[in-house]
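[1] okay, here's the prediction I keep looking at, along with the sequence it came from:
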Amino acid sequence: MSINIEKVHSKNKTMTESFVQGASESLFSIYNLPYGVFQRKDEKNPRIGTAIGNYVLDLAVLEKAGLLISNSNQSLFDRDSLNFFASQGQETWSIIRNRIQSLLSIDNHELQDNAELLAKALVPQADINMLLPFKIEGFSDFYASEHHATNVGKLFRGKENALLPNWKFLPVGYNGRASTVFLSGTQIPRPKGQIKLKDQDAPIFDFSNKLDFELEIGMFIGVGNPDGRRIDVNKATSHIFGLVLLNDWSARDIQAFEYQPLGPFLSKSFATSISSWVVPLEALKDSMTPLPKQFPECVEYLQQASPMQPNIKLRVEIQPKDSNIRTTICETNCTELYWSMEQMLAHHTVNHCIMKPGDLLGSGTISGPNKENWGSLLEITFNGTEPIKLVDGQERTFLQDGDTVIITGYCEMNHSKIGFGSLEGTVSRERHD
């Protein structure tokens, strides 16, 4: 491989020089180092790696060579999921991260001067296939954006009753289906279900005509609470391994008929998509931004001195079938959430609910104050009553077959960008009888 020496800058210092070509300009710089599970296209054995520039650093190879050492007597990285590594805790995560940064530094010659090892360990991303990063046992989705909850409330209950009475006292959520969490790039089947039309007394069974995306952030649990003890809101950060982009696909017409009194069921359980790379929470610490003051004051177990959220800029685009033209539908920010990640986790366990490594929590749709910041078509088109026009002239109220939804996100800090990659899904009917 060709070598290009590059400086990577930090807010407080010049960190070091990177020998990986294109890394400093990439969303996968030495400051990021997200984790993922991959297979080389010429091999079947999955293993764990980290993204650096346009390459993947094979951590299983480095571990076998003795360059990555932990207190565990088991392999951390020669595995088909991140579950075991994530379960080792914050101290191990930090030690491994610092060691990887050191190995990628020009000041450290252990890797860069070992041509044989470098050829094995540094793999072009074009030569790999990504797999789900975790074996996900549980998935819960929250409803943590006030703008989104207000917009939806106005549509269905009117301006005076937009927020339900409990919304500002607890992070509202529901348990979803871990079995239908899919990796970016997986085709999304248009679901069928019972739909109640306005002019009919009984529902019909048909394909959803109001298929929607939901722009979210997902957080993966690293260390759980196997004894069922409540996770303290002020210690919850140590349980959160990292973040992904998340799209909780929704069939709004199926949802409208089924959700009372117990909430969404079939309208959500058919598909949830996540991005391939898990960005460590430690990589985002310099982007943490205080959330607006929460009022009224929440119950004691949810109280944080300063609730924070990473400053992640988010974008949603739609690309129609047989078109190479994308239309930006939404641009918003993770800081638009009302409830913090720690509050969501603390609330989830306050009743002694057991969380396990690899459990996934979704933030719920993230919407900002203006129409261009709304994170679902339900809001943007006012439940299909006001179509939007795409760049190529087509109109949309909800998603059509062949539409691809593309979600991207990044933090901008310390003269560098930390990205999540792309989360993509294309609507299809091919999996149905």
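    It's in. Residues are numbered from 1 along each chain as shown.

[2] quick one, helices of the stretch 151-300 of the chain?
    252-258, 266-269 (DSSP state H, counting those that start in this stretch).

[3] elements contacting the longest one?
    For helix 252-258, the packing partners by 3 or more C-beta pairs under 8 Å, 6 or more residues apart in numbering; DSSP states H and E come out as strand 192-195, helix 266-269. To be clear about C-beta, it is placed using only N, CA and C from the backbone, and glycine gets the same treatment.

[4] would you turn these into TSV with mean pLDDT and mean neighbour count?
    Converted to TSV, the helices and strands packed on helix 252-258 look like this (pLDDT from 0 to 100; neighbours: other C-beta atoms under 10 Å):
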stretch	mean pLDDT	mean neighbour count
strand 192-195	96	19
helix 266-269	96	21
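
[5] residues near residue 280, how many?
    By other C-beta atoms under 10 Å, the residues close to residue 280 number 23.

[6] thought it was touching residue 36?
    No: using C-beta atoms under 8 Å, residue 280 is not in contact with residue 36, being 11.5 Å away.

[7] just to revisit the earlier point, would you format the helices of the stretch 151-300 of the chain as a markdown table with distance to residue 46 included?
    A markdown table is the format used below for the helices of the stretch 151-300 of the chain (distance: least, C-beta to C-beta, whole Å):
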| stretch | distance to residue 46 |
| --- | --- |
| helix 252-258 | 35 |
| helix 266-269 | 26 |
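
[8] closest to residue 98 out of the ones you listed?
    Residue 98 lies closest to helix 266-269 among the helices of the stretch 151-300 of the chain, at 39.2 Å (C-beta to C-beta).

[9] list the helices and strands that closest one packs on?
    Counting by 3+ C-beta pairs under 8 Å, 6+ apart, helix 266-269 packs on strand 250-251, helix 252-258.

[10] pick the most buried one from these.
    Most buried of the helices and strands packed on helix 266-269, by mean neighbour count (mean count of other C-beta atoms under 10 Å): strand 250-251, with a mean of 26.

[11] average pLDDT for that one?
    For strand 250-251, mean pLDDT is 98.

[12] repeat for stretch 331-342
    98.

[13] only the buried residues of it, if you could.
    Using 16 or more other C-beta atoms under 10 Å as the test for burial, stretch 331-342 gives 331-342.

[14] helices of the stretch 1-150 of the chain, start to end?
    Using DSSP H, counting those that start in this stretch, the helices found in the stretch 1-150 of the chain span residues 59-64, 83-87, 90-103, 109-112, 115-121, 146-157.

[15] of those helices, which approaches residue 316 most closely?
    The minimum distance between residue 316 and the helices of the stretch 1-150 of the chain falls on helix 146-157, with 13.2 Å, by C-beta to C-beta.

[16] let me know the average pLDDT across the closest one.
    Mean predicted confidence for helix 146-157 is 96.

[17] for it, output the C-alpha coordinates as CSV.
    Written as CSV, here are the backbone C-alpha positions of helix 146-157 (Å, rounded to 0.1, in the frame of the first residue of the first chain):
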residue,chain,number,x,y,z
GLU,A,146,-40.1,17.2,22.0
HIS,A,147,-40.5,18.7,18.6
HIS,A,148,-41.4,15.3,17.1
ALA,A,149,-43.8,14.4,19.9
THR,A,150,-45.5,17.9,19.6
ASN,A,151,-45.8,17.6,15.8
VAL,A,152,-47.4,14.2,16.0
GLY,A,153,-49.7,15.3,18.8
LYS,A,154,-50.9,18.2,16.8
LEU,A,155,-51.7,16.0,13.9
PHE,A,156,-53.8,13.6,15.9
ARG,A,157,-55.0,15.4,19.1
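
[18] helices and strands around that helix, which ones?
    Here helix 146-157 touches helix 377-380, going by 3+ C-beta pairs under 8 Å, 6+ apart.

[19] residues in contact with the helix it packs on?
    For helix 377-380, the external contacting residues (C-beta atoms under 8 Å, 6 or more residues apart in numbering) are 148, 151-152, 155, 210, 212-213, 250, 252, 329-330, 365, 367, 371, 374, 384, 388, 396-399.

[20] how about a cut-off of 6 Å?
    Here helix 377-380 makes contact (C-beta atoms under 6 Å, 6 or more residues apart in numbering) with 151, 212, 252, 374, 398.
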